[in-house]
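Asker: what would the 3D arrangement of this be:
(2 chains)
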Amino acid sequence: MARIRNPKDFWAGFLFVLVGIAALVLGSRYNLGTAARMGPGYFPRILGLLLIALGGAIALRGLRTQGVAIPAWRWRPTIVVLFSVVLFGLIVTYAGLALSTVILIVIASTASSEFRWKEALISGVLLAALAVGVFIIGLKLQLPIWPTFLTG
Amino acid sequence: MELFNHLALGFSVALTPINMMYALIGTLLGTLIGVLPGIGPVATIAMLLPTTYALQPVSALIMLAGIYYGAQYGGSTTSILINMPGETSSAVTCLDGHQMARNGEAGAALATAALASFFAGCVATVFIAAVSVPLSELALKFGPAEYFSLMVLGLIGAVVLAHGSLLKAIAMIVLGLLLGIVGTDVNSGVARFDFGIPQLTDGIGVVSVAMGLFGFAEIITNLESQEKRERVASKVKGLWLSKDQFKAAWPAALRGTGLGSFLGLLPGGGAMLSAFASYAVEKKVAKDPSQFGKGAIQGVAGPEAANNAGAQTSFIPLLTLGIPENAVMAMMVGAMTIHNIQPGPQVMTSNPGLFWGLIASMWVGNLMLVVLNLPMIGIWIKLLTVPYRLLYPAILLFCAIGVYTINNASFDVMQTAFFGFLGVLFVKLECEPAPLLLGFVLGPMMEENLRRAMLLSRGDPTVFLTRPLSAVMLAAAVVLILVIALPSIRRKREEAFQEE
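Answerer: Numbers count the residues shown, from 1 in each chain, chains lettered A, B, ... in the order given. Sure, this is the predicted structure:
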């Protein structure tokens, strides 16, 4: 049983192989065509095979060469940052730009270890004013400023 | 004479008040993000793309281009004053620029950087104008086989000159190509890899990919490390050079300009590579190399000229061949596509005002940078005192608004978040995201040219080797890979990137 000496290489290669296999499996539904008249499945299959070959080589190298461990993943910043943005995308048409901005700023700020409630709120309100000024009044983007359930 | 006419046409476009205003906005924004850590030109262009919908295409491109070369100016300011490069391309400026500042010569270092950049910008503008016409004419003779091979060469060249593992970078390109063909196939109308999600039939948006991989991932990894940066700004006085300093600096600026203009042309080239190469050259040719790292003015003038020249000439392959050679140029392809301009040699003839206007605007923008930025240095430095905990939520907000307003769709925001997650994963696994973005942008073009070439040759793949130009380009790509795989050169390459 070979030992994983370079985990960064090994797992990167593993992922490439996985995506390559997925491309082949999903791509098998598309017509291959011929070399002269390529169907929609031709190019994806070339890419899938290439990705498997490259990923395999990278993973093998991960078994042979020495490397450092994958750095630990501190999940909080990832989850908080991505959640705040997705939430903004989901509510902005209903809650309006002003309120959504404050919500995004406050939630996103909690990702930092130096989070302070008051500061985040003030910054949220100021940025909300700026965002409304620039994007709705200035660039005339089609977004409500206030929550639609208030303005009707 | 023809060159003169072209530039005259360009200036007539670039000097209209509206386009000057957008050049100004672009260069100011560029300087801003160049000064600020944690956000680079790729993410900024992604953020602003949606707001350019309503603009004239030429105004949009002028502004976005300004962001790229403006960032070079901003990055060098922070390198000199606080030993912190705002952009990777100005990392070398830290070595001697900050030492100069410590020796009480901050003003001279800033002036050197600005003047060297401006000089390089002027030369590069003329260089672009001169090289573009013959290159476009050559490119117009290309058939699909040549185009396919050119893209292979471009992609391989881009990763050979980039740092990190070559195999991983090539795998990232292939992954990018695969992501690029998601959506409806133009030839058959079949929706590929759409996972039954209707929004994906139009393909994945370039803004989502770039913003996720370059914007969100950067913010998240910054928050994870939470490093405290030392921020001691030096006092700036006397923004000018003594006669001796000027004498020492100008040959370096000249060499840097030449080197940068050339390296900017190469796939994978651009600002960063040019700056590093120029520093190495200056150290080699110096009478007293021991001065380097202790505040040698040549170590500022050379790389600063080179990074600006390189940033500008990297537009040449994009404008003449339609091939982006780095991640910023990939974003410019995205911008052109949004405005229904197919990048390639035909832009010059079908859209001369846009083509020459964009080139002339680079000179205008460079002038603005020198005139406006030097007095504004104090303001930029003030901005750096804003703590990161206040800065990153604001960047996230502008990203979120930008990506949402592309289609007014929350799906786009989720898609971007997904790429943000992928981006963090790539950082953990040490996979560079830039090759993926290049592959992503070139995916559909590459498939189309492969198809056409094979159709014309009736399915005979040797067409790529029997057509001389195509064969030369493929051979060059193979040579590049072989050369880099040689152990001795590989060691050199690793050393070169160690200096970062």
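
Asker: is residue B:480 in contact with residue B:157, as I believe?
Answerer: Yes: with contact defined as Cβ atoms under 8 Å, residue B:480 counts as touching residue B:157 (6.1 Å). C-beta here means a position set from N, CA and C on the backbone, and glycine is covered the same way.

Asker: and residue B:426, what is it in contact with?
Answerer: With contact taken as Cβ atoms under 8 Å, 6 or more residues apart in numbering or on different chains, residue B:426 is in contact with B:172, B:213, B:217, B:432, B:433, B:436.

Asker: show me the residue at the heart of chain A, geometrically.
Answerer: For chain A, the residue nearest the mean C-alpha position is residue A:82 (7.6 Å; Cα atoms, centre = their mean).

Asker: how about it, nearest residue that isn't a chain neighbour?
Answerer: For residue A:82, ignoring the flanking residues on the chain, the nearest one in space by Cβ to Cβ, 6 or more residues apart in numbering or on different chains is residue B:417 at 4.3 Å.

Asker: thinking that neighbour is in contact with residue A:86, fair?
Answerer: Yes: Residue B:417 lies in contact with residue A:86 (Cβ under 8 Å); the separation is 5.0 Å.

Asker: ok, those two, which is more surrounded?
Answerer: Per other Cβ atoms under 10 Å in any protein chain shown, whichever of residue B:417 and residue A:86 has more neighbours is residue B:417, with 25 against 19.

Asker: any idea how far residue B:211 is from the more buried one?
Answerer: Residue B:417 sits at a distance of 10 Å from residue B:211 (criterion: Cβ to Cβ, to the nearest Å).

Asker: now swap in residue A:125 and tell me
Answerer: Distance, residue A:125 to residue B:211, by Cβ to Cβ: 25 Å.

Asker: more neighbours: those two, which one.
Answerer: Between residue A:125 and residue B:211, counted using other Cβ under 10 Å, residue B:211 has the larger neighbour count: 33 against 14.

Asker: wait, what's in contact with the residue nearest to the more buried one when sequence neighbours are not counted?
Answerer: Excluding the flanking residues, the one nearest residue B:211 by Cβ to Cβ, 6+ apart is residue B:46, at 4.2 Å. By Cβ under 8 Å, 6+ apart, the residues touching residue B:46 are B:206, B:207, B:210, B:211, B:214, B:215, B:331, B:334, B:399, B:402, B:403.

Asker: do that again at 6 Å, thanks
Answerer: Applying Cβ atoms under 6 Å, 6 or more residues apart in numbering or on different chains, we find residue B:46 in contact with B:207, B:210, B:211.

Asker: wait, a helix at the residue nearest to the centre of chain A?
Answerer: Yes: per DSSP: H, G, I helix; E, B strand; the rest coil, residue A:82 lies within a helix segment.

Asker: what about residue A:115, which SS state?
Answerer: At residue A:115, secondary structure determined by three-state DSSP is coil.

Asker: against residue B:382, how distant is the residue lying closest to it once chain neighbours are set aside?
Answerer: Leaving out its chain neighbours, the residue that sits closest to residue A:115 by Cβ to Cβ, 6+ apart is residue A:109, at 5.3 Å. Separation of residue A:109 from residue B:382 (Cβ to Cβ): 22 Å.

Asker: neighbour count: these two, which is higher?
Answerer: With neighbours defined as other Cβ under 10 Å, residue A:109 and residue B:382 compare such that residue A:109 has more, 24 against 11.

Asker: that one against residue A:121, yeah?
Answerer: No: counting by Cβ atoms under 6 Å, residue A:109 stays clear of residue A:121, with 9.1 Å between them.

Asker: spell out which parts of the stretch 1-150 of chain B neighbour chain A.
Answerer: Along the stretch 1-150 of chain B, the residues adjacent to chain A under the rule Cβ under 6 Å from any Cβ of the partner chain are residue B:51.

Asker: residue ranges with poor pLDDT in the stretch 1-150 of chain B?
Answerer: Scanning the stretch 1-150 of chain B with the threshold set as pLDDT under 70 gives B:1, B:38, B:86.

Asker: how does it look with 50?
Answerer: Along the stretch 1-150 of chain B, the model assigns pLDDT under 50 to no residue.

Asker: from it, which residue is nearest to chain A?
Answerer: As assessed by Cβ to the nearest Cβ, chain A sits closest to residue B:51 within the stretch 1-150 of chain B, at 5.6 Å.

Asker: do chain B as well
Answerer: Proximity of chain B to chain A (Cβ to the nearest Cβ) peaks at residue B:413, 2.8 Å away.

Asker: the residue nearest to residue B:443 when sequence neighbours are not counted: what's it in contact with?
Answerer: Distances taken as Cβ to Cβ, 6+ apart put residue B:180 closest to residue B:443, at 2.2 Å, once the chain neighbours are dropped. The contact partners of residue B:180, by Cβ under 6 Å, 6+ apart, come to B:440, B:443, B:444.

Asker: next: residue B:257.
Answerer: Residue B:257 sits in contact with B:120, B:123, B:305, B:309, where contact means Cβ under 6 Å, 6+ apart.

Asker: so the third one versus residue B:132, what's the distance?
Answerer: Distance of residue B:305 to residue B:132, computed by Cβ to Cβ: 21 Å.

Asker: between the two, tell me which one has more neighbours.
Answerer: Taking neighbours as other Cβ under 10 Å, residue B:305 and residue B:132 compare with residue B:305 leading, 36 against 22.

Asker: for that one, which non-adjacent residue is spatially closest?
Answerer: Closest residue in space to residue B:305, ignoring its immediate chain neighbours: residue B:256 at 3.4 Å, by Cβ to Cβ, 6+ apart.

Asker: and for the residue of chain A found nearest chain B, the neighbour number?
Answerer: The nearest approach of chain A to chain B comes at residue A:89, 2.8 Å away (Cβ to the nearest Cβ). By the criterion of other Cβ under 10 Å, residue A:89 has 23 neighbours.

Asker: before we move on, what about residue B:68?
Answerer: Other residues lying near residue B:68 total 31 when counted by other Cβ under 10 Å.

Asker: surely it and residue B:41 touch.
Answerer: Yes: Residue B:68 is within contact range of residue B:41, at 5.0 Å (criterion: Cβ under 6 Å).

Asker: can you point me to the longest helix in chain B?
Answerer: For chain B, the helix with the greatest residue count under DSSP state H is helix B:106-140.

Asker: give me the contacts around the following helix or strand past that helix.
Answerer: Toward the C-terminal end, the helix or strand that comes next after helix B:106-140 (DSSP states H and E) is helix B:144-161. With contacts defined as Cβ under 6 Å, 6+ apart, helix B:144-161 is touched by B:169, B:173, B:267-268, B:273, B:323, B:325, B:435, B:438, B:442, B:446, B:449-450, B:452-453, B:463-464, B:467, B:469-470, B:473-474, B:476-477, B:480, B:484.

Asker: that older thread, nearest residue to the residue of the stretch 1-150 of chain B closest to chain A other than its sequence neighbours?
Answerer: Going by Cβ to Cβ, 6+ apart, residue B:51 has residue A:139 as its nearest residue, at 5.6 Å.

Asker: next one: the one you found, what pLDDT does it get?
Answerer: Turning to residue A:139, the model gives it a pLDDT of 78.

Asker: same check on the one 4 residues further on?
Answerer: Confidence per residue is given as pLDDT, and for residue A:143 that number is 86.

Asker: which residues touch it?
Answerer: Shown in contact with residue A:143 (Cβ under 6 Å, 6+ apart): A:97, A:136.
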